[in-house]
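Trainee: Have a look at this fold, sequence not included:
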């Protein structure tokens, strides 16, 4: 799983690096055309990743509610109430997933600070501790960085998320963390019922015949008409569910590490620590008061104690 994520990140970073270094090799109209071409390719990656995540989520819910959960309840002789609760919990996971997904997109807009298309500010206040974005030709707050994909400066930019097609910044980081958590929980929930179904109707996964779950093997069985195509698709879905669980774990625990260190992904990878703060203060900065409530249901009305531009120096100090 880590290799898959690393390959995707490496490819995207290569595209972004090409955009950043274009000034060294081209100018004028030729430069604009090349940068536009690269940006279009990255946008296509965005749409592909978004389509994959949303389609996979809906398919997994459909298979769980209409096949694997009912099958599990019959095998385990659960009551109709048990079936209802299993399905209700799957819908609870789905609602939280999509609400956090939508709030990520909403927060991404709020996190935008400026763009190259903005009109210049006359008589603007000069902030001594702010940096300068050369692309936007404007002073930007501390921890604000320019995204070459969105072509915007983003408050407390953490990274660009291809699965939502937006930057993760100050106003939507909490929802990204919760989305990763529910992706992890939903994939694990779906994997459990799917594994039970395939172990009963195909081959027990954790047995000496586990090799029959290799995709090439199942494809050969299907081509020889020794296995139906539906089983092949379910085995493939099992793989994707496992990858989804691994991806959710990766992003969730990566963000937990950032909370502990009080850094963004950029700061951590560059070995920078602009501020020194406690994990508790960083939690309140991201989630607002009563941070744990965000993991029960999205809480957009719990406002952060910071604004993404001026950092609270009473609980945070410059290094």
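Mentor: Sure thing, it's come through. All figures in this text were calculated on a predicted structure; none of them were measured in a lab.

Trainee: What helix or strand is the residue nearest to residue 188 when sequence neighbours are not counted located in?
Mentor: In this structure, residue 188 finds its nearest non-sequential neighbour in residue 245, 5.3 Å apart by C-beta to C-beta, 6 or more residues apart in numbering. Every C-beta, even on glycine, is put in place using the N, C-alpha and C of the backbone. Taking DSSP states H and E as the criterion, residue 245 maps to helix 229-261.

Trainee: how far out from the middle of the chain is that helix?
Mentor: 11 Å (C-alpha atoms, centre = their mean, to the nearest Å).

Trainee: Just list what it packs against, helices and strands only.
Mentor: Judged by 3 or more C-beta pairs under 8 Å, 6 or more residues apart in numbering; DSSP states H and E, helix 229-261 is in contact with helix 2-20, helix 28-63, helix 173-201, helix 215-223, helix 265-270, helix 279-287.

Trainee: how far out from the middle of the chain is the third one?
Mentor: It refers to helix 173-201. Taking C-alpha atoms, centre = their mean, one finds helix 173-201 lying 15 Å from the centre of the chain it belongs to.

Trainee: that older thread, gap between the residue nearest to residue 188 and residue 76?
Mentor: From residue 245 over to residue 76 the distance is 22 Å, taken as C-beta to C-beta, to the nearest Å.

Trainee: Residue 243 too?
Mentor: 27 Å.

Trainee: go on, residue 58?
Mentor: Distance from residue 58 to residue 76, by C-beta to C-beta: 26 Å.

Trainee: Check residue 214 too.
Mentor: From residue 214 to residue 76 the distance is 28 Å (C-beta to C-beta).

Trainee: which secondary structure element contains the closest residue to residue 113 other than its chain neighbours?
Mentor: Nearest non-adjacent residue to residue 113, counting by C-beta to C-beta, 6+ apart: residue 153, 4.5 Å away. Residue 153 belongs to strand 152-154 when assigned by DSSP H and E.

Trainee: That strand packs against which elements?
Mentor: Against strand 152-154 (3+ C-beta pairs under 8 Å, 6+ apart) you get strand 112-114, strand 145-147.

Trainee: Quick one: mean pLDDT for the last one?
Mentor: Right, strand 145-147. When pLDDT is averaged along strand 145-147, the result is 91.

Trainee: What of stretch 208-217?
Mentor: 89.

Trainee: for it, which positions count as buried?
Mentor: By neighbour count on 16 or more other C-beta atoms under 10 Å, the buried set for stretch 208-217 is 212-213.

Trainee: When residue 243 and residue 76 are compared, which one has more neighbours?
Mentor: Counted by other C-beta atoms under 10 Å, residue 243 and residue 76 do not tie: residue 243 has more neighbours, with 15 against 9.

Trainee: Per-residue pLDDT of the more buried one, please?
Mentor: Listed pLDDT for residue 243 reads 96.

Trainee: and what of residue 260?
Mentor: On the pLDDT scale, residue 260 gets 90.

Trainee: Please report how far it lies from residue 173.
Mentor: 14 Å.

Trainee: Who has more neighbours out of those two?
Mentor: Neighbours were counted for residue 260 and for residue 173 using other C-beta under 10 Å; residue 173 has more, 26 against 12.

Trainee: thinking that one is in contact with residue 156, fair?
Mentor: Yes - the criterion here is C-beta atoms under 8 Å, and residue 173 meets it with residue 156 at 7.4 Å.

Trainee: nearest residue to residue 266 other than its sequence neighbours?
Mentor: Using C-beta to C-beta, 6+ apart, the nearest residue to residue 266 is residue 145, at 6.2 Å.

Trainee: Is there a neighbour count for the one you found? I'd like the number.
Mentor: Residue 145, neighbours per other C-beta under 10 Å, totals 21.

Trainee: list the contacts for it?
Mentor: 153-154, 157, 266 (C-beta atoms under 8 Å, 6 or more residues apart in numbering).

Trainee: The helix or strand harbouring residue 94 vs helix 28-63, what angle?
Mentor: Here residue 94 is covered by helix 80-111, with elements defined by DSSP H and E. Our comparison of helix 80-111 with helix 28-63, counting by axes from the mean of the first three to the mean of the last three C-alpha atoms, to 10 degrees, yields an angle of 160 degrees.

Trainee: what stretches of the chain score poorly on pLDDT?
Mentor: Confidence mapping of the chain against pLDDT under 70 gives the ranges 1-36, 118-126, 311-319.

Trainee: Would you enumerate the residues in contact with residue 244?
Mentor: For residue 244, the contacting residues are 56, 60, 183, 186-187, by C-beta under 8 Å, 6+ apart.

Trainee: quick one: it from residue 184, how far?
Mentor: Distance from residue 244 to residue 184, counting by C-beta to C-beta: 8 Å.

Trainee: and what of residue 156?
Mentor: Remark: distance between residue 156 and residue 184 (C-beta to C-beta) = 24 Å.
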